[in-house]
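[1] Give me the fold of what follows.
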Amino acid sequence: MRLAGKKVAVLVEEGFEDLEFWVTVMRLREEGAEVRIVGTSAGKTVRGKHCLEATSEVAAGKVPAEELDAIVVPGGWAPDKLWRSPEVTGLVRAVAERGRIVGMICHAGAAIAEP
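    Residues are numbered from 1 along each chain as shown. Below is the predicted model:
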């Protein structure tokens with residue numbers, strides 16, 4: 001349990017890359033991290049590119065950055081939607097400014113950056 005006690009947010013939105021999201025969530029949990037699935041709104045069920053579903057547990061605007069050790073943004077088409085949310089970009093920025101880990105998979109790195 002190398003990540004026991006660590007708190008990690010994994011972002012999700014419609015069109016997420018199924019394996020990039022679910023494998024990340026499962027592996028982090030296997031290592032003992034407390035994973036919160038964060039979306040643009042709480043309780044929103046979205047479908048991935050390959051039809052797997054995920055439901056956000058909490059809205060990005062309700063997650064205090066100071067409580068997170070890391071945040072992960074999976075790729076797919078979801079980052080294109082996520083970066084349009086000021087709450088999402090604000091959370092990612094706040095985590096980065098605290099010197100915490102910001103993981104971006106594939107397309108997420110390009111799409112989450114503000115224009």
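[2] For this protein, which segments count as strands?
    7-11, 34-39, 45-47, 53-55, 58-59, 70-73, 101-104 (DSSP state E).
[3] quick one: low-confidence parts of the protein?
    For the chain, the stretches with pLDDT under 70 are 111-115.
[4] now with 50?
    115 (pLDDT under 50).
[5] which residue packs closest to the residue of it most remote from its centre, ignoring adjacent ones?
    Relative to the centre of the chain, and counting by Cα atoms, centre = their mean, the farthest-placed residue is residue 1 at 21.1 Å. With Cβ to Cβ, 6 or more residues apart in numbering as the criterion, residue 1 has its nearest non-adjacent residue at 3.4 Å, and that residue is residue 32. Using the backbone N, CA and C atoms, a C-beta is placed for each residue, glycine as well.
[6] Adding distance to residue 83 as columns, could you present the strands of the chain in CSV?
    Listed next are the strands of the chain as CSV, based on distance: least, Cβ to Cβ, whole Å:
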stretch, distance to residue 83
strand 7-11, 10
strand 34-39, 13
strand 45-47, 16
strand 53-55, 18
strand 58-59, 16
strand 70-73, 9
strand 101-104, 11
